[in-house]
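Chemist: got a sequence here, can you build the structure:
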Amino acid sequence: MATVEITQENLQQTITENDIVLLDWWADWCGPCKQFAPTFEAASEKHGDVVFGKVDTEDQQMLAASAQISSIPTLMAFREGILVFSQAGALPESALEQVVDAVKGLDMDEVRQQVAEQQAESAE
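Modeler: Numbers count the residues shown, from 1 in each chain. Presented below is the predicted three-dimensional model:
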C-alpha cells in the first residue's frame, strides 16, 4: 500500500477506521524529511496491513498546530485510534521496522487500561 495524503478533512476518519496508522509529518523544505521519505514509502509497501499517511505541515498548518508538531519530521503511530508513539527525527529503516513491529505487538487491552488510569488521574 502506498502512502496516503492526510489532511484536516480525512485525519480523524483515517485514524478511527484503521487498526494501525503511521503518520509522517513533513515539509518540502526539510532535508531530513526528504531523506526519510523513501524509507517511509518502502515500509508502506512492506506492511499492507498498516496505513502510512503523510501530513504536509506547510499545507496543513492548522492540523500541525493542533497536533503540537514542533519539529519535523515527526513520526506518530496510532493503534485502534489511540496515539501510542510519537517521535521527532528521521528514523533509519531498522528503527522504523522496530516501531511498526512494536505497535503491531501491543496489548491494546493494557493500553486502554493505562489511558483510562491516566485520564482518571488528570481528572482528580
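
Chemist: run through who's touching stretch 110-120.
Modeler: With C-beta atoms under 8 Å, 6 or more residues apart in numbering as the test, stretch 110-120 has contacts from 79-80, 82, 84. In short, each C-beta sits where N, CA and C put it, glycine included.

Chemist: in this protein, which segments are predicted with low confidence?
Modeler: For the chain, applying pLDDT under 70 flags the ranges 1.

Chemist: okay, helices next: where are they in it?
Modeler: With DSSP state H, the ranges of helices along the chain come out as 11-17, 31-46, 61-66, 93-104, 108-123.

Chemist: output the shortest one as PDB, restricted to C-alpha atoms.
Modeler: Taking only C-alpha atoms (Å, rounded to 0.1, in the frame of the first residue of the first chain), the coordinates of helix 61-66 have been written out as PDB:
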ATOM      1  CA  GLN A  61      -0.600  24.300   9.300                       C
ATOM      2  CA  MET A  62      -3.700  24.200  11.500                       C
ATOM      3  CA  LEU A  63      -3.500  20.400  11.700                       C
ATOM      4  CA  ALA A  64       0.200  20.500  12.600                       C
ATOM      5  CA  ALA A  65      -0.500  23.200  15.200                       C
ATOM      6  CA  SER A  66      -3.300  21.100  16.800                       C
END
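
Chemist: that helix packs against which elements?
Modeler: Of the remaining helices and strands, none touches helix 61-66 by 3 or more C-beta pairs under 8 Å, 6 or more residues apart in numbering; DSSP states H and E.

Chemist: likewise the fourth one?
Modeler: Applying 3+ C-beta pairs under 8 Å, 6+ apart, one finds that helix 93-104 makes contact with strand 20-26, helix 31-46, strand 74-79, strand 82-88.

Chemist: for the buried ones among the contacts of stretch 110-120, write the corresponding PyMOL selection.
Modeler: Under the burial definition 16 or more other C-beta atoms under 10 Å, those of the contacts of stretch 110-120 that qualify are selected in PyMOL by:
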select buried, resi 79+84
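
Chemist: with respect to I72, which of the contacts of stretch 110-120 is nearest?
Modeler: Nearest to I72 among the contacts of stretch 110-120 is V84, at 19.8 Å by C-beta to C-beta.

Chemist: tell me how far the residue nearest to that closest one when sequence neighbours are not counted lies from E124.
Modeler: Excluding the flanking residues, the one nearest V84 by C-beta to C-beta, 6 or more residues apart in numbering is A77, at 5.4 Å. Going from A77 to E124 by C-beta to C-beta, to the nearest Å gives 29 Å.

Chemist: that'll do, ta.
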